[in-house]
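Undergrad: sequence and predicted structure below; questions after.
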Amino acid sequence: MTPISSSPQRPSASRSPEHEAYLALQLLATQLRDETEGLLKAAGLSITQFNVLRILRGSGEQGLTCGEIGTRLINKDPDVTRLLDRMEKQGLVERTRSAQDRRVVLTRISDSGLNVVGQLDTPLEELHRRQFGHLGEMRLRQLLTLLSEVGAPDSSLENT
């Protein structure tokens, strides 16, 4: 993985450290996403499809509704129903009506979907190791702490 540089291509007005941090995170997120997309593309999946398979694998036998899947997605998809239609045609998921309420459609990961996501576990873990392993466990924990503080800026004020 090549280092991320947030330095601009041409001179511009001075930027705040917050803006520099934002740019660095955006550049890094794009690079990490591109690398992950490359791995998943070889398996015929988009990042969102892979995310759905991981969500459903973790949900167990009961399955989830379309709305429940949508709220758990990392990358929000405006049309989860159509996404699930495509995945069902690919044989990655199965949908059935709830026995308790026939209006409710539950989606479960299929055996084929389990196989596909299972085959990606090790390569994805290896990719993440290449992306982050050089930091070491202590620095990774620090990074996670810092990122969680960015995601909850009001809570960091309580500690001052």
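TA: Received it, and whenever you're ready, just let me know what you need.
Undergrad: which of the residues in the helix ranked longest in the chain are buried?
TA: Counting by DSSP state H, the longest helix found in the chain is helix 17-42. Using 16 or more other C-beta atoms under 10 Å as the burial criterion, the residues of helix 17-42 that qualify are 23, 32, 36, 39-40. Glycine gets a C-beta too; all of them are placed from N, C-alpha and C.
Undergrad: same check, this time on stretch 116-133
TA: Using 16+ other C-beta under 10 Å as the test for burial, stretch 116-133 gives 116-117, 120, 124, 127.
Undergrad: next one: stretch 105-119
TA: By neighbour count with 16+ other C-beta under 10 Å, stretch 105-119 contains the buried residues 106-110, 113, 116-117.
Undergrad: in helices only, show me those residues.
TA: 113, 116-117.
Undergrad: show me how far the helix or strand harbouring T48 is from its chain's centre.
TA: Element membership for T48, per DSSP states H and E: helix 47-59. The gap between where helix 47-59 is centred and where its chain is centred comes out at 9 Å by C-alpha atoms, centre = their mean, to the nearest Å.
Undergrad: next one: stretch 52-66
TA: Distance of stretch 52-66 from the chain centroid (C-alpha atoms, centre = their mean) equals 15 Å.
Undergrad: pull up the distance across it, start to finish.
TA: Chord length of stretch 52-66, first to last residue, is 10 Å (C-alpha to C-alpha, to the nearest Å).
Undergrad: what comes up buried for it?
TA: For stretch 52-66, by 16+ other C-beta under 10 Å, it's 52-56, 59, 63-64, 66.
Undergrad: likewise stretch 80-93?
TA: Neighbour-count burial for stretch 80-93, counted by 16+ other C-beta under 10 Å, picks out 80, 83-84, 87, 92-93.
Undergrad: can you give me the mean pLDDT across it?
TA: For stretch 80-93, the mean pLDDT works out to 95.
Undergrad: the helix or strand where E149 lies vs helix 17-42, what angle?
TA: According to DSSP H and E, E149 maps onto helix 136-151. Relative orientation of helix 136-151 versus helix 17-42 (axes from the mean of the first three to the mean of the last three C-alpha atoms, to 10 degrees): 110 degrees.
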